[in-house]
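Enquirer: fold the following and give me the result.
(chains A and B)
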Amino acid sequence: MAKVKSHRIKSRDNILDYILLVVFIFLIIITIYPFLNVLAISFNDPIDTMRNINFVIPRKFTWSNYVYVFKENNLMKAFVLSVARTVAGAGIGVICTAMIAYVLSRKDFYFNKVFTVLFVITMYVSGGLIPEYLLLMRTLKMGNNFLVYIIPGLVWVYNIILVRSFIEGLPLALQEAARVDGANDFTIWARIVLPLCKPVLATVGLFMAVGQWNSFMDTYLYAKELPTLQYVLYEIMEKATVKIDPHAAEQIKNAVSPLSVRMAVTIVATVPILIVYPFLQKYFVGGMTVGAVKD
Amino acid sequence: MGAKKSQKERIIKPKFSMQLMWKQRYLLLMSVPFVVWLIIFKYIPLWGWTMAFQDVRPKTMAQPIWQRPFVGFQNFLKAFDDRMFGQTLINTIGLSILGIAFGTIMAILFALMLNEICFVRFKKITQTISYLPHFVSWVVIASIAKMVLNDGGMLDTALHTKLGLMSTNSPIFWFTVVLINIWKEVGWDAIVYLSAMAGIDQGLYEAAKVDGANRLQRIWHITLPGIKPTIIVLLIMGIGGALNIGMERQMLLSNGIVQDHAMVLSWFAYVRGIGNSNYGLGTAIGMFQSLVGILLLFIANKIAGLLGESRLI
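Expert: Purely as a prediction, here's the structure:
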């Protein structure tokens, strides 16, 4: 980022700094406040929430909203599914991306050009929703199959290009040395290239993990019987009201207002991202700008 | 650099031979499965564009492709005649124009402010926080947006009015969507501009200072011209993707009341294609969207070239 300008000619210029400070504090508040409010409502007493008594700090702190959503909304299954698709999708995706990227970085490979072009074309044209839907649901019969979360989005071409340009930046002498020692291409990839690619693969893996965790459309289109957290939250939003038997006095006492439920699920669907976020930050800015400069 | 040169010299495209294939068998094993994957999941759907010229319904799906009734451009004509098509197209274009205009201006403004502020620590914190919403899913954003902006939501309560941002069936809903989108993406979009600003020669600023230019003048005469190529490239890409507004955001942020002003082409293709089980019609709408998108990209690129700006392609 640009250097901080240390010299000032006019004091008038300094006023701008303080104006900016105030603007930024305002921006931080409007970015953070909604999230804090969601957090507060999720821990707030549901009756208070219904009466619209919302503070940034809950008046009566309670875990009951979370207990409720995990018990009643089958949230545990959704949570496990979300974690499973994130780990499997990003894990398998990263290995596959690295493998293709390595092969496409090998200029001596006979099909290098053809395969590269085949991959790159798909960045610009795609068949669109209907043909993809018919392929997955009718031809391949992947509906409500866990594989529909992993296989169709196995690799992203953009990531392949990112990793390929990283590999091309590595010293070729390392590969040559391994070849002289009798290593085959697979061994060179696994033992030499893969360990050196760790930083770029971390970026790619985190991008893919975020994509998997946040993915909603594929559940909506192909696998409603395998609801992930995002889909459960969507369903709660659509229903807007939660089934509460009005006749049971006990339940009315423990009633959970729809908003409390929604906010608790919102937090469950968001927090894992916020946990990996500090680790994420180190890599993604680099990844973004590499993509911006290259090609 | 030296290594790169020798690499270039060594690469003489080898002739095809079985020996070569055997020599490169590991590379083949490592790539062919993915090419097969690519053909199945990316190229077969492209082949599916043929459905746009056929009458394809669930009944006729089972028939082989050459037995399905060929209807020429009738699916396209049907799509253009659809009572919802005009409004859908207007929504898509309206949302795009607003999104590109305000999105670009806000991202540049935000990047400029970040670039100018001299409290380094504070700058880092602001930037970190500004990325945050980018990593949150649209479902979560919709859940939060509905809490804040719905009738009687936080904003209404705070201002003691009824703004109806999420429930007015008029172009106001476009502004609501664009506003939410900017809130989510502005910090992320600013990254590219910030890195462009970092590439500007610092000597220019020093020289301008010596000549007595104040901060705003330096921004106007050095920073903005410095990031102009970046702005142009992103604008061309934005115009190329103008019709590709995803249905996810639109579907999640809207409700039945504002449907008329939330419908965009990709969603329309889904509604007609899968909702009404008219696969041919849905494919035709999707194909129209893709082809017009490519056309727009070329036009924008051409205009940028004619104006003497850097081109994308």
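
Enquirer: could you use CA atoms for every contact and neighbour count after this?
Expert: OK.

Enquirer: for residue 75, grab the count of nearby residues.
Expert: You didn't pick a chain, so chain A it is. Residues contacting A:L75 under the criterion other C-alpha atoms under 10 Å in any protein chain shown number 21.

Enquirer: can you look at chain B instead?
Expert: The local packing count at B:N75 equals 23, with neighbours defined by other C-alpha under 10 Å.

Enquirer: wait, isn't it in contact with B:A284?
Expert: Yes - here B:N75 lies in contact with B:A284, judged by C-alpha atoms under 8 Å, at a distance of 6.1 Å.

Enquirer: rounded mean pLDDT for stretch A:196-210, please.
Expert: Per-residue confidence for stretch A:196-210 averages out to 90 on the pLDDT scale.

Enquirer: output stretch B:135-146 as CSV, restricted to C-alpha atoms.
Expert: Coordinates of each C-alpha in stretch B:135-146 appear next as CSV, following Å, rounded to 0.1, in the frame of the first residue of the first chain:
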residue,chain,number,x,y,z
PHE,B,135,-17.0,-13.7,3.2
VAL,B,136,-20.4,-14.0,4.6
SER,B,137,-23.0,-15.9,2.5
TRP,B,138,-25.9,-14.3,0.7
VAL,B,139,-28.3,-16.2,2.9
VAL,B,140,-26.8,-14.7,6.0
ILE,B,141,-26.7,-11.2,4.4
ALA,B,142,-30.4,-11.6,3.5
SER,B,143,-31.2,-12.6,7.0
ILE,B,144,-29.4,-9.6,8.4
ALA,B,145,-30.8,-7.2,5.8
LYS,B,146,-34.3,-8.3,6.5
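
Enquirer: centre of the chain to the helix or strand containing B:L179, how far?
Expert: In this structure, B:L179 sits in helix B:172-198 according to DSSP states H and E. Going by C-alpha atoms, centre = their mean, to the nearest Å, the spacing between the C-alpha centre of helix B:172-198 and its chain's C-alpha centre is 12 Å.

Enquirer: does anything pack onto that helix? Which helices or strands?
Expert: Counting contacts by 3 or more C-alpha pairs under 8 Å, 6 or more residues apart in numbering or on different chains; DSSP states H and E, the secondary-structure elements packed against helix B:172-198 are helix A:258-293, helix B:85-116, helix B:120-131, helix B:224-240, helix B:259-262.

Enquirer: one step back: need the overlap of contacts for B:N75 and B:A284.
Expert: Shared contacts of B:N75 and B:A284, defined by C-alpha atoms under 8 Å, 6 or more residues apart in numbering or on different chains, comprise B:52-53.

Enquirer: where does pLDDT dip in the chain?
Expert: All of this is about chain A. Along chain A, the parts satisfying pLDDT under 70 run over A:1-13, A:52-55, A:73, A:240-257, A:280, A:282-295.

Enquirer: right idea, wrong chain: chain B
Expert: Scanning chain B for pLDDT under 70 picks out the ranges B:1-13, B:310-313.

Enquirer: in it, which residue is closest to the centre?
Expert: Here the mean C-alpha position of chain B is nearest to the C-alpha of B:G241 (C-alpha atoms, centre = their mean), at a distance of 5.3 Å.

Enquirer: and the closest residue to it other than its chain neighbours, backbone torsions?
Expert: Nearest residue to B:G241 in three dimensions, chain neighbours excluded: B:G293, at 6.0 Å (C-alpha to C-alpha, 6 or more residues apart in numbering or on different chains). For B:G293, the backbone dihedrals (degrees, to the nearest 10) come out as phi -60, psi -50.

Enquirer: give me the residue from chain B nearest chain A.
Expert: Among the residues of chain B, B:L46 lies nearest to chain A; the distance is 4.0 Å by C-alpha to the nearest C-alpha.

Enquirer: where does that residue land in three-state SS?
Expert: helix (DSSP: H, G, I helix; E, B strand; the rest coil).

Enquirer: not counting residues beside it along the chain, what's closest to it?
Expert: Beyond its immediate neighbours in the sequence, the residue positioned closest to B:L46 (C-alpha to C-alpha, 6+ apart) is A:G127, lying 4.0 Å away.

Enquirer: relative to B:K23, how far out is that neighbour?
Expert: Between A:G127 and B:K23 the distance is 36 Å, computed by C-alpha to C-alpha, to the nearest Å.

Enquirer: B:I117 now?
Expert: Distance, B:I117 to B:K23, using C-alpha to C-alpha: 58 Å.

Enquirer: so which of those two has more stuff around it?
Expert: Looking at B:I117 and B:K23 with other C-alpha under 10 Å, you find the greater number of neighbours at B:I117, namely 20 against 14.

Enquirer: contacts only, for that one.
Expert: By C-alpha under 8 Å, 6+ apart, B:I117 lies in contact with A:4, A:17, A:20-21, B:123.

Enquirer: now the element after the helix or strand hosting A:V120, going C-ward?
Expert: In this structure, A:V120 is located in helix A:112-124 according to DSSP H and E. Taking DSSP H and E as the definition, the helix or strand that follows helix A:112-124 towards the C-terminus is helix A:129-134.

Enquirer: please work out which residues outside that following helix touch it.
Expert: Contacts of helix A:129-134 from elsewhere in the structure, counted by C-alpha under 8 Å, 6+ apart, are A:221-222, B:41, B:45-46, B:48-49, B:266, B:269-270, B:273-274, B:279, B:282-283, B:286.

Enquirer: who are the packing partners of the next helix or strand after that helix?
Expert: Towards the C-terminus, the helix or strand next in line after helix A:129-134, according to DSSP H and E, is helix A:157-168. Of the remaining helices and strands, those touching helix A:157-168 by 3+ C-alpha pairs under 8 Å, 6+ apart are helix A:75-105, helix A:112-124, helix A:198-214, helix A:258-293.

Enquirer: I would like the residues contacting the second one, please.
Expert: The contact list for helix A:112-124 (C-alpha under 8 Å, 6+ apart) reads A:103-106, A:157-158, B:35, B:38, B:42-43.
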